[in-house]
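Engineer: let's see this in three dimensions:
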Amino acid sequence: MEYPALFEPADEGGFVIRFPDFGWGTTQGDNEQDGREMAEDALLTMIAEHIRQGEPIPEPSHPRGKRFRLIQLSVIAGTKIELYRAFLESGIRKAELARRLGIPKANVDRLFDLKHHSRLDQLEAACAVLGKKLEVSVRDAA
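Structural biologist: As a prediction, the model looks like this:
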C-alpha cells in the first residue's frame, strides 16, 4: 500500500511534505531520504488518527508529477488498514468482533494499531471473521 506525498522545496532547504489524500498533516525533511522517513511517520500518524476517531481511511490517489513521491507502508500496516476498512464495512462493533474471535476487546484495538506488531495469523483470523481472505504474494522487486 502506498500513498502519494507532495514534496515541495522549502525556502530554508529540504522539503515541505503534504498528503493530497488527507485534509490535514504536513511534515518536512532535510533531504530526500529524511523526507521519505518523515513522510512515512506522518502518514502512519494520520491513518492512526482516522482509526482512533472511527473514521474511514481515504483510498490512495494517483497524482502525477515529479514533485510527488509514493510512500510505501509495510505489509503489516497495509493489512491492518484493509482489516480496519473491512471492519467498518461490516457494521459490527469491536465487542462483537472480539466475541467472534474469542479474544478480549483490547486485543481488537491492537489489530488496528499500526505500531503494534500483530501476528499474521491473528490478522488472517480477523479477516476471515469479517468474510475476507488474506492473501500474500511475493514477486520480483522492480
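
Engineer: what does residue 9 show for phi and psi?
Structural biologist: For residue 9, the backbone dihedrals (degrees, to the nearest 10) come out as phi -60, psi 130.

Engineer: so who does the closest residue to it other than its chain neighbours touch?
Structural biologist: Closest residue to residue 9 apart from its sequence neighbours, by Cβ to Cβ, 6 or more residues apart in numbering: residue 15 at 6.2 Å. (C-beta placed from N, C-alpha, C; glycine too.) Residues touching residue 15, when contacts are defined by Cβ atoms under 8 Å, 6 or more residues apart in numbering, comprise 7, 8, 9, 28, 29, 31, 32, 35.

Engineer: pull out the buried positions in the strand or helix carrying residue 123.
Structural biologist: When secondary structure is defined by DSSP states H and E, residue 123 falls within helix 120-129. Burial within helix 120-129, assessed by neighbour count using 16 or more other Cβ atoms under 10 Å, is assigned to 123, 124, 125, 126, 127, 129.

Engineer: skipping adjacent residues, who's closest to the third one in space?
Structural biologist: In this structure, residue 125 finds its nearest non-sequential neighbour in residue 101, 6.2 Å apart by Cβ to Cβ, 6+ apart.

Engineer: okay, now that neighbour: neighbour count?
Structural biologist: Using other Cβ atoms under 10 Å, the number of residues around residue 101 comes to 17.

Engineer: can you give me the strands in the chain?
Structural biologist: Under the criterion DSSP state E, strands of the chain are mapped to 2-9, 15-18, 26-29, 68-72.

Engineer: the residue nearest to residue 125: what's it in contact with?
Structural biologist: Neighbour list for residue 101: 107, 108, 125, 126, 129 [criterion: Cβ under 8 Å, 6+ apart].
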